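Undergrad: based on what follows, work out the 3D shape:
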Amino acid sequence: MKQHSLSFWLSGVLFAASVSAAHAAEFSLQQTLTAAEHYSAELSANRNQSNALSAMADSARELPDPKLKFGIENVPVQGSNSHRFTREGMTMQRIGIMQDYVSEEKRDRKAETILAQSASSAAKAEVIRATLQRATAQAWLDLALSQKIVVTAQKLVNETERQVGVQKATVASGSSPASSVVDIRMALLGMEDKVTLAQRDVVLAQTRLLQLTGEKIDNTSGTLPRYQRLPADPEILEQSVGEHPEVVEAAREADVAKARSAQSAVAAKPNVGVEVYYSHRADDYDDMAGVMFTVDLPLFKSQRQDKDLAADMSRSMEANDELAIASRARVALVRTLVAQYQAAQTLWQRQQEEILPLQQQRLSLIEAQYRSGQSTLADLLNARRTLLDTELSAHSAEKTVAETWVAIRYLTPQGNN
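TA: Numbers count the residues shown, from 1 in each chain. Predicted coordinates:
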């Protein structure tokens with residue numbers, strides 16, 4: 001019975017371990033970006049909008065549906081034949097078909113406007129993709145670098161924890177004052193606060209990735225992108241502003257405004273309606289048939305169609321101005337991001353190559369002096385705290401470099417990362 005219970009317990013432990021491993025997902029940057037695009041409801045809504053506009057453009061080239069017209073005409077309402085259908089020769093049961101003919105040019109202009117709107121919607125999709133990729137890559141890198149900070153901070157905490165036992169022994173032997181144990185514990189608590197904040201950043205990055213991808217991403221996998229250098233030369237980045245999705249979207253909006261102006265230019269062309277009918281009268285009277293035409297009369301074009309055309313022309317010029325504004329804004333953004341990246345890169349390199357080695361060297365010297373009795377415990381703890389702060393500052397500088405690199409890299413959506 002005991003052997004059976006032990007086997008059952010071990011099976012439960014193994015099952016729980018397998019479930020835990022299954023939920024501890026690790027995603028590479030490319031896998032994370034792909035998951036975010038598949039999960040994005042905004043991208044899905046944009047695709048549906050584009051599909052709807054394409055269908056509308058196809059139907060816009062067709063003539064309106066024909067109309068069936070039927071009824072009774074000329075029914076007497078007075079006299080001896082009042083409300084009778086067969087006494088008056090003019091009373092007729094009438095049925096006919098009516099078709100409105102809209103000029104092919106007007107239909108083509110309407111379709112072209114809708115197609116321009118569809119192209120604008122497609123350009124909007126690229127804006128959404130770039131924004132989504134930028135946010136996802138930043139969250140992924142934030143998780144990877146925050147986990148590095150946790151490891152660094154925890155390592156120094158562990159070293160300080162080992163010092164607590166040593167310090168208690170020296171207090172017991174009388175070689176150190178009792179207050180030294182309190183000092184080292186206070187220093188340890190300060191270091192543990194740093195670990196807590198770093199762990200918080202890890203959880204926040206995981207939560208952000210869950211929001212963006214719908215996946216519970218606990219760890220990152222694969223190599224980190226090469227954020228140590230710019231994705232391209234600043235001159236090339238500035239020259240490629242015309243490819244930025246925001247600029248392309250502004251250009252597509254200008255195309256929409258231009259197409260609407262072209263549509264307004266032919267709005268005064270009259271539509272023609274044709275009706276063919278057959279009228280049945282009483283038995284003593286002959287049946288009749290006929291054809292009727294209706295034609296629009298744009299008699300007040302200067303007050304209607306010309307006003308609409310002028311409005312659309314003004315909107316077209318406005319859209320061109322918006323395009324110029326978007327282009328100038330992106331140039332300024334590229335220059336700003338490059339300047340921020342170069343400054344962050346310089347600070348990070350200084351932290352990594354100069355300040356951190358000096359702090360490590362200082363700690364090593366103070367540790368040697370402490371072992372030989374030439375330095376106090378307070379000096380040692382202060383050196384460790386300073387080293388931890390320096391390492392955290394270096395990691396923070398690295399995160400700033402990575403975030404700025406992502407902002408530059410994903411100014412345009414990337415298909416292959």
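Undergrad: tell me the span between the first and last residue of stretch 230-249.
TA: With C-alpha to C-alpha, to the nearest Å as the measure, stretch 230-249 spans 26 Å from end to end.
Undergrad: what residues does it touch?
TA: 120, 123-124, 126-127, 129-130, 323, 326-327, 329-331, 334-335, 338, 341, 405, 408-409, 411-413 (C-beta atoms under 8 Å, 6 or more residues apart in numbering). In this view, the C-beta of every residue, glycine as well, is placed from N, C-alpha and C.
Undergrad: same check on stretch 185-199?
TA: Applying C-beta under 8 Å, 6+ apart, the external contacts of stretch 185-199 come out as 146, 149-150, 153-154, 156-157, 160-161, 164, 381, 384-385, 388, 392.
Undergrad: next, the buried residues of stretch 382-396.
TA: Within stretch 382-396, the residues that qualify as buried are 383-385, 387-388, 390-395, counting by 16 or more other C-beta atoms under 10 Å.
Undergrad: from residue 138, how far out is the spatially most central residue of the chain?
TA: For the chain, residue 132 is the residue whose C-alpha lies nearest the centre (C-alpha atoms, centre = their mean; 3.3 Å). Computed as C-beta to C-beta, to the nearest Å, the residue 132 to residue 138 distance reads 11 Å.
Undergrad: quick one, strands of the stretch 251-400 of the chain?
TA: Secondary structure of the stretch 251-400 of the chain (DSSP state E, counting those that start in this stretch): strands located at 272-280, 288-295.
Undergrad: can you tell me which of the contacts of stretch 230-249 are classed as buried?
TA: Burial by neighbour count, 16+ other C-beta under 10 Å: within the contacts of stretch 230-249 this picks out 120, 123-124, 126-127, 129-130, 323, 326-327, 330-331, 334, 338, 341, 405, 408-409, 411-413.
Undergrad: so which elements touch the helix or strand where the residue nearest to the centre of the chain lies?
TA: Using DSSP states H and E, residue 132 falls within helix 104-173. If you count contacts as 3 or more C-beta pairs under 8 Å, 6 or more residues apart in numbering; DSSP states H and E, helix 104-173 packs onto helix 29-39, helix 41-60, helix 179-213, strand 217-220, helix 245-265, helix 377-409.
Undergrad: run the chain-centre distance for the fifth one.
TA: With C-alpha atoms, centre = their mean, to the nearest Å as the basis, helix 245-265 stands 23 Å off its chain's centre.
Undergrad: skip the chain neighbours and tell me the closest residue to the most far-flung residue of the chain relative to its centre.
TA: What lies farthest from the middle of the chain is residue 80; by C-alpha atoms, centre = their mean that is 77.6 Å. Nearest non-adjacent residue to residue 80, counting by C-beta to C-beta, 6 or more residues apart in numbering: residue 87, 7.8 Å away.
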